[in-house]
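Participant: model this:
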Amino acid sequence: MKIAAAYIRVSTDDQLEYSPDSQLVQIRRYAKANGFTLPEEYIFIEEEGRSGRYSIKRPEFLRMISTAKKEPKPFDAILVWKYSRFARSRQDSIIYKSMLRKELGIEVISISENLGDDKMSIITEAIIEAILFTMGESVELDKIAAAIELDKKETKAIIEKMMKHYENPSIGVKIIELDDAYQMCTKSEMYEYLIKIAKTPRKMTLTDTVLETLSIIAYKQPVTRLEIERVRGVSCDHAINKLLEYDLITELGRLDAPGRPLLFGTTEQFLRCFGVKSLEELPELNPVQVEEFKQEAEAEMHMKLDI
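Facilitator: Sure thing, here's the model as predicted:
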């Protein structure tokens, strides 16, 4: 069975706060319902009136932290009535929670608040929001996780919660996922208003020829120009140049073969434009479609010859 500690402090600002005895009753009830043992020696109660703003002025808090550092690990979690009872200072909250979780493997649990609604979670969401807004481009999940000092699974859960929040029609931006990375961008329905004050972006015109070339690159990447032309049966110089201009494809390097031909692949802009998170979400390309590409390319070649 898991062992828990209890930390109890009454706010000096909230006259409706549960008394220490009432908090302890609720914490004992939570511990029993969630498989925790709560030994008496691990119950830390501050004297009433102790401010939570500075940890150095809370002797029971400091005694609890000192106990937590002992070996073997004395308890698995610290139960509090509210997260604000643990620390009122944002700096203390971040420092001590991070130290307890990362160095000692001890979680701080509020028994009266949902994990996603506590002040620490709100701060974390604000940090992620600031990162995505400032960077402008997509940011890899592992980099975000490193910045907020959480593992990738926890970070992904927080971002997915934020993504749902941004679905609210009263919010003009959203967070999108692109190959295990995330980006903040404006919603498509805001476009007509944005162009009124911003420079009108260059219109992207994708002809059938350009789209066919893009499809081949998307499904066969990394792929050389020669391989694309083998599928289409005609030169693809113009289509490839257009796709490079629109930032839908990019040069991935060179093939280790005679002549060292360039290799092409799709970009994040491609994922954004076609509304997919990764290449795995692309629909399967059946042989009939490939044959249609060849037939259309042959027809295109004959038209050029007739001219």
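Participant: any idea how far residue 188 lies from residue 85?
Facilitator: 44 Å (C-beta to C-beta, to the nearest Å). Backbone N, C-alpha and C define where each C-beta goes, glycine included.
Participant: And for residue 139?
Facilitator: Distance of residue 139 to residue 85, computed by C-beta to C-beta: 34 Å.
Participant: can you give me the end-to-end distance of stretch 196-215?
Facilitator: With C-alpha to C-alpha, to the nearest Å applied, stretch 196-215 spans 33 Å between its terminal residues.
Participant: Flag every buried residue along it.
Facilitator: Within stretch 196-215, the residues scored as buried using 16 or more other C-beta atoms under 10 Å are 206, 209, 210, 212, 213, 214, 215.
Participant: thinking in terms of the whole chain, how far from its middle is that stretch?
Facilitator: Relative to its parent chain, stretch 196-215 has a centroid offset of 28 Å by C-alpha atoms, centre = their mean, to the nearest Å.
Participant: For that stretch, give the mean pLDDT please.
Facilitator: What stretch 196-215 shows for mean pLDDT is 77.
Participant: And stretch 76-91, by the same measure?
Facilitator: For stretch 76-91, the mean pLDDT works out to 83.
Participant: residues of stretch 137-157 that come out buried?
Facilitator: For stretch 137-157, a neighbour-count test (16+ other C-beta under 10 Å) marks 138, 139, 141, 144, 145, 148, 150, 155, 156 as buried.
Participant: Can I get that stretch in PDB, CA atoms only?
Facilitator: Taking C-alpha atoms only, stretch 137-157 is exported to PDB below (Å, rounded to 0.1, in the frame of the first residue of the first chain):
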ATOM      1  CA  GLU A 137       6.500  28.000 -36.000                       C
ATOM      2  CA  SER A 138       5.800  24.400 -34.700                       C
ATOM      3  CA  VAL A 139       7.700  23.400 -31.600                       C
ATOM      4  CA  GLU A 140       8.600  19.700 -30.900                       C
ATOM      5  CA  LEU A 141       6.800  18.000 -27.900                       C
ATOM      6  CA  ASP A 142      10.100  17.000 -26.300                       C
ATOM      7  CA  LYS A 143      11.300  20.700 -26.300                       C
ATOM      8  CA  ILE A 144       8.100  21.900 -24.700                       C
ATOM      9  CA  ALA A 145       8.300  19.100 -22.100                       C
ATOM     10  CA  ALA A 146      11.900  20.100 -21.300                       C
ATOM     11  CA  ALA A 147      10.900  23.700 -20.900                       C
ATOM     12  CA  ILE A 148       8.100  23.000 -18.400                       C
ATOM     13  CA  GLU A 149      10.000  20.200 -16.700                       C
ATOM     14  CA  LEU A 150       7.400  17.500 -17.200                       C
ATOM     15  CA  ASP A 151       7.600  14.200 -19.200                       C
ATOM     16  CA  LYS A 152       6.200  14.000 -22.700                       C
ATOM     17  CA  LYS A 153       3.000  12.100 -21.700                       C
ATOM     18  CA  GLU A 154       2.000  14.800 -19.100                       C
ATOM     19  CA  THR A 155       2.900  17.600 -21.500                       C
ATOM     20  CA  LYS A 156       0.900  16.100 -24.300                       C
ATOM     21  CA  ALA A 157      -2.200  15.700 -22.000                       C
END
